[in-house]
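**Student:** Need coordinates for the following:
(chains A, B and C)
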Amino acid sequence: MAPEPPLLSMSGITKSFPGVRALDGVDLDVQAGEVHCLLGQNGAGKSTLIKVLAGAHQPDDGTISWRGEPVTLRSPIVAMRLGIATIYQELDLVEHLSVAENVHLGHEPTAAGFVVRGKAAKASTAALLKRLGHPEVEPGRLVGELSAAQQQIVSMARALSHDVRLIVMDEPSAALDPEEVDNLFRIVGDLTADGVAVVYISHRLEEIRRIGDRVTVLKDGRAVAGGLPAKSTPTREVVALMTGRNVEYVFPERPATPRDADVAPVLEVQGLAREGEFAPVDLTVRPGEIVGLAGLVGSGRSEILETIYGARKPTAGQVIVGGSVLRPGSVRAAVRAGLGLAPEERKAQALLMLESVTRNVSVSSMSRFARGGWIDRGAELGAARAATRELSLRPDNPSVPVRTLSGGNQQKAVLARWLLRGCRVLLLDEPTRGVDVGARAELYAVIRRLADEGLAVLLVSSEVPEVLGLADRVLVLREGQVVHTAPARELDEHRVLDLVMEGAPVASASSAVDSPAAGGRGPAS
Amino acid sequence: MPESTPFTSRRGLLFGTAAVGAGALLAGCTSNEPDDEPAGNDDQPAAADTPGKAVTIGFAGPQADHGWLNAINDNAKNRAKKYSDVTLEITEGSNDTAAQIGQIETLINKKVDVLVILPADGKALTQVGLKAMRAGIPVVNLDRIFNTPQAYRCWIGGDNYGMGLNAGHYIGEQLKDVDDAKVIELAGLDNLELTKQRTQGFDDALKNYPNIKKVARQAAEFTVESGQAKMAQLLQAQPKFNALWNHDDDQGVGALRAIEQAGRDDFVMVGGAGALAAFQAIKQDNGVLKATVLYPPTMAASAIDLARALGQAKGVSGLSEFEIPSSLTLYSAVVDKDNVDQYMPTGFK
Amino acid sequence: MTQPVSPPRDSTDKVPSTGQLPAWRTTVARADVRTLSLLGVLAALIVVGGITKPDEFLDTRNLQLVLTQGSVIGVVTVGMTFVIMSGGIDLSVGAIVALASVWATTVATQEYGFAGILFTAVLVGVGCGLVNGLLIAYGGMVPFIATLAMLASARGLALQITDGATQIVTIDSVLDLGERDAYILGIPPLVLVFAVVTIIGWLILNRTTFGRRTVAVGGNAEAARLAGIDVRRQRLYLYLLSGLCCGIAAFLLIILSGSGQNTNGNLYELDAIAAAIIGGTLLSGGRGTIVGSVLGVLIFTTITNIFALNNLQSDVQQIAKGAIIVAAVLVQRRTASTT
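**Tutor:** Numbering: from 1, shown residues only, chains lettered A, B, ... in the order given. Below you'll find the predicted structure:
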């Protein structure tokens, strides 16, 4: 008996966009029933590759075989008919349609060819949702009313409503809590047991260890390693393949001596609360200090940060910067007092994507370069350049549009904005979200350096190792309450996760306690 | 819109002195000028003028966003005031067909004795006209005609085709002795049927004068602004021509402005409708505007006369008929320097 | 980092680094391609006009005519461009022009002469813009709805003031500005005003903090807010600016037509939006140019002119206008995606 051909075989795939060669001869083999992980930094070509696979992009060169037969994926419909489904990171659901309508969008069960059989659609949707472990999602509800995790389940149900042989999942765990991730992995396990192949894209190495069979690493549009065993390849090797260098010290050293407790705090938060979101919080941050807030999604981390910044109005308490009380609920007052926020959703909340780096950096300090409203563009460009150089932003040209930068460099542009503004307190919300592993180390170094130069930093992250590795002091949050405060040195990951989940009734969450430890981003020092 | 019958048959349909007589009423409404007073010499009501049975007349017209339509409302109101036995129920004008239908239905429910309707759109309001007639309320259809004669007891309106015809004849006579005379036309809103009828009449009249050729036509929008813009372009396109017919005196204000700005005075201009400003310019006789062809808003006053007569079951004085005629088409007289004084009081602002 | 990075130190640091020039050039080139494609359309139109009507079209008087006719809507379009760039829309521009033009030409206003007319037109425009701005920025109304309401109210008020009558201007100093004698070096005063408004608009958009804030609010309002920009105040100013442009346009229209009428400014909102869009302004905000919008206006005015000179009727003109909008946007998308 001849060996079974791979389900999917892509070879020599090349794709160029004006000015960029996104894919440069990539090979990818996927076997039926395996979880094939795709790793790579931003811009490595992952999204382009999956768009080629989904029929959304046409390759300039290379061949694609499906069950041993050469095929041309002219359009997404062709790919879908073959049994290739893609679940994109930004879910493509219609918010104002019901769950069942979304699941069957484009292939509604009909009577006489055009009358939609709503009941049949609902029944089959309910069956799919049950299979996906979410029987509580009602097929008749509007998708816009669902949580992010539930929406993802709907997106998956839509994929499964076709006769699917291969599912591409683009960072499916990014918006999920640990127990949701567990459910996702269970679904992936069920699918592969049925012989469905999964192409799984994630930044989280520990996830790949848990569910992956093989790993293909992309770098600069090439597959630098194909079909590595997912469970046994050392983390350092994978990181080295992605970044092209060995990452010895991911986190920068803390200052040898702890910050002098006599230095007056620049940021004081007293009894700050928002009803229904978080209980009264007290915290202080001194110049040169990095304070971390650790907690799960929904613990009130981001809400606290945004309330300090004035983007949300507190129901109680006050924020004091440099000795004076801020007007509550006023971003402008906060900015004037020297606060700067790098928000969680960089593209939606921080960046002007159509604009240059310069304009993104100078947007909060424009009046400094203006006389009577008239901008001195030379001075502006020079200052933006100085600020971006200070953070080693690449490329070293502040005139390029900010949308062309990688995630890490976009984050640096946001930091440069506040650096230029001369802010005293930096509020960082998930500063490394969407930033790849190699670039994270550099970002950590930048944050530490800014603190060393006298900035006060308040950091929020859902990744416990990040908070522990970067912060001097850590506040642990659970359900809107600060449950523990301690120097980061005195905490470890297990302790924090215990605190975060203490009394939490979700038993399955315990698996999440162990999993991050297997990851490669723990404090290496 | 009135049907396009040859103008020679029009005279037979004229009744009494109504058109001219009612025209003696002034259009001015907010004006505080001294000549606000009716001329008084021949404002004889068309029907017997002795007070009779009390009549309630419902009046529904479009929004008066234009000088001519405003004059229509004023003519109707002022005429009704003349009669001690007439109560006028006038609706707020509307250009929205649905709104106007609603207003007319309200009048039907109020059981007015007679309805005078100037529809925003004749075709679209036919049904409500029929409804009124079936409810036993006679309808006087003003100017914009319903789809079927069943929807009105009497139609009275202007003659768009005749307007073009008379303008063409007037210009033709003026240029009779000019070889290879060139004429241009500044039309009104091109998506209205009445504009096509006016142009048709104009073209038909010019056929009688082989020495005259219409060399250009552009459509404005009955507004000063569009009149200025289109006229400026026409003047640039035609460095030399002998006569211009402009469909509407309102847009004519803009057209005259463009002519002044271009410094042109080498042609004769004829207007349309009968605005006061046009009459004054004709009387002064120091510009290109030499005449204007009437589309008299006094028809609204006549409509009130007819409605009252219908309500009191009277005929029209001066005619031997017992009944009010079913259709009355007004004559589009040409007003020039010779007769402008007679028409001056009917000019609208 | 307790000290802001000081600009003087860095502005002397004009490093022409190697990677900088090409990127800078592509940015400029992209803007140029957009503008060039519009100039190409305009050039093509001029060729068509020159071939079909060489004597009448290629004539100084005709150039003066085209620019004059474009001045009124052009000034409105400059204001509209700012509003659209901020992610808003102003449907009330035509109605504001109408209201300003009739308010400025009432018998009572005309008693105050030239200054009275100019002052009233501008004040009415700014006043309407203020109402729009307050409703949108502080009343939380959607621009589409707020300006739609203003459209209806301003038209209604204009009708009430005039009672449907045309108000003739009798002030000679106003009328004279529309005459040939007032041309300065062959340039009609209206065109001069249009040019000045365009230049000021360009400078504001590209060289001032006001322009930057406009772009920031349109590109990403939430990001602008979190960057410390007073988004609401900026929105208020933008509708004020649009109202101001409408007031100026109304004054130009009074000069041009020698009158005020409640039907003035008919469908200006659509013409201005169309001109801005074919000029490359993104309807969702964040991108656009004054030059593009003005070229859009000139393209429309030139088409109207060529059609009128060739005695083509308004049905054909309207069809062509629609086709030009589609063609211009398609051409731009193509050139933008291949650059």
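**Student:** Next, the contact list for the residue sitting nearest the centre point of chain B, please.
**Tutor:** Centroid-nearest residue in chain B, with CA atoms, centre = their mean: B:Y295, separated by 2.9 Å. Contact partners of B:Y295, counting by CB atoms under 8 Å, 6 or more residues apart in numbering or on different chains, are B:68, B:158-160, B:163, B:272-274, B:332. For the C-beta atoms, the positions are set from N, CA and C on the backbone; glycine is no exception.
**Student:** Equivalent analysis for B:G254, please.
**Tutor:** B:220, B:223-229, B:231, C:257-259.
**Student:** again, only using 10 Å
**Tutor:** B:186, B:220-221, B:223-232, B:246, C:166, C:256-259, C:261, C:264 (CB atoms under 10 Å, 6 or more residues apart in numbering or on different chains).
**Student:** A:E101 now?
**Tutor:** A:93-94, A:108, A:116, A:118, A:121-122, A:125, A:139-140, A:142-143.
**Student:** Would you check how far apart it and A:E95 are?
**Tutor:** A:E101 sits at a distance of 11 Å from A:E95 (criterion: CB to CB, to the nearest Å).
**Student:** for B:V270, same thing?
**Tutor:** Using CB to CB, one gets 62 Å for the distance from B:V270 to A:E95.
**Student:** Compare neighbour counts for those two and give me the winner.
**Tutor:** B:V270 (29 against 12; other CB atoms under 10 Å in any protein chain shown).
**Student:** Check whether A:K412 really touches A:P398, as I assumed.
**Tutor:** No: in this structure A:K412 lies outside contact range of A:P398 using CB atoms under 10 Å: 11.2 Å.
**Student:** what's the overlap in contacts for those two?
**Tutor:** A:357, A:361, A:387-388.
**Student:** Just put those residues in a markdown table and tack on pLDDT.
**Tutor:** Output for the shared contacts of A:K412 and A:P398, formatted as a markdown table (pLDDT from 0 to 100):
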| residue | pLDDT |
| --- | --- |
| A:V357 | 94 |
| A:V361 | 95 |
| A:A387 | 94 |
| A:T388 | 94 |
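**Student:** Highest neighbour count among those residues?
**Tutor:** A:V361 (33 neighbours).
**Student:** mind listing what it touches?
**Tutor:** The contact partners of A:V361, taken as CB under 10 Å, 6+ apart, are A:355, A:380-381, A:383-388, A:391, A:393, A:398, A:402, A:412-421, C:5.
**Student:** Point me to the helix or strand that includes it.
**Tutor:** Here A:V361 sits within helix A:357-362, counting by DSSP states H and E.
**Student:** tell me the helices in the stretch 301-450 of chain A, going along the chain?
**Tutor:** Applying DSSP state H, counting those that start in this stretch to the stretch 301-450 of chain A gives helices spanning A:301-308, A:331-337, A:346-349, A:357-362, A:377-390, A:407-421, A:437-452.
**Student:** Remind me what the first one packs against, helices and strands.
**Tutor:** Right, helix A:301-308. Applying 3 or more CB pairs under 10 Å, 6 or more residues apart in numbering or on different chains; DSSP states H and E, one finds that helix A:301-308 contacts strand A:267-274, strand A:278-285, strand A:290-294, strand A:316-321, strand A:339-342, strand A:425-429, strand A:456-461, strand A:473-478.
**Student:** The second one close to chain C?
**Tutor:** In this case it means strand A:278-285. No: judged by CB under 10 Å from any CB of the partner chain, strand A:278-285 stays clear of chain C, getting no closer than 13.8 Å.
**Student:** And the first one, by the same measure?
**Tutor:** No: using CB under 10 Å from any CB, we find that strand A:267-274 stays clear of chain C, coming within 13.5 Å at best.
**Student:** Is the helix or strand containing C:L295 positioned near chain A?
**Tutor:** Here C:L295 sits within helix C:290-309, counting by DSSP H and E. No: Helix C:290-309 does not reach chain A (CB under 10 Å from any CB); its nearest approach is 14.8 Å.
**Student:** how distant is that helix from the center of its chain?
**Tutor:** What separates the centre of helix C:290-309 from the centre of its chain is 13 Å, taken as CA atoms, centre = their mean, to the nearest Å.
**Student:** Return that helix as CSV; C-alpha atoms alone will do.
**Tutor:** Only the C-alpha atoms of helix C:290-309 are listed here, as CSV (Å, rounded to 0.1, in the frame of the first residue of the first chain):
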residue,chain,number,x,y,z
ILE,C,290,-8.0,70.7,0.2
VAL,C,291,-6.3,70.7,-3.2
GLY,C,292,-8.2,67.5,-4.1
SER,C,293,-11.5,69.0,-3.1
VAL,C,294,-10.9,72.2,-5.0
LEU,C,295,-9.9,70.2,-8.1
GLY,C,296,-13.1,68.2,-7.6
VAL,C,297,-15.1,71.5,-7.7
LEU,C,298,-13.2,72.7,-10.8
ILE,C,299,-13.8,69.4,-12.6
PHE,C,300,-17.6,69.6,-12.0
THR,C,301,-17.7,73.3,-13.0
THR,C,302,-15.7,72.6,-16.1
ILE,C,303,-18.0,69.8,-17.1
THR,C,304,-21.1,71.9,-16.7
ASN,C,305,-19.4,74.6,-18.8
ILE,C,306,-18.4,72.3,-21.6
PHE,C,307,-21.8,70.8,-21.7
ALA,C,308,-23.5,74.2,-21.8
LEU,C,309,-21.2,75.5,-24.5
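**Student:** Name the residues contacting each of A:E101 and A:E95.
**Tutor:** Jointly contacting A:E101 and A:E95 under the rule CB under 10 Å, 6+ apart are A:142-143.
**Student:** for the stretch 51-200 of chain A, which spans come out with low pLDDT?
**Tutor:** A:110-113 (pLDDT under 70).
**Student:** Show me what the helix or strand hosting A:T125 packs onto, helices and strands only.
**Tutor:** A:T125 is part of helix A:118-131 when elements are defined by DSSP H and E. Other helices and strands packing on helix A:118-131, by 3+ CB pairs under 10 Å, 6+ apart, are helix A:99-103, strand A:110-111, helix A:148-161, helix A:178-193.
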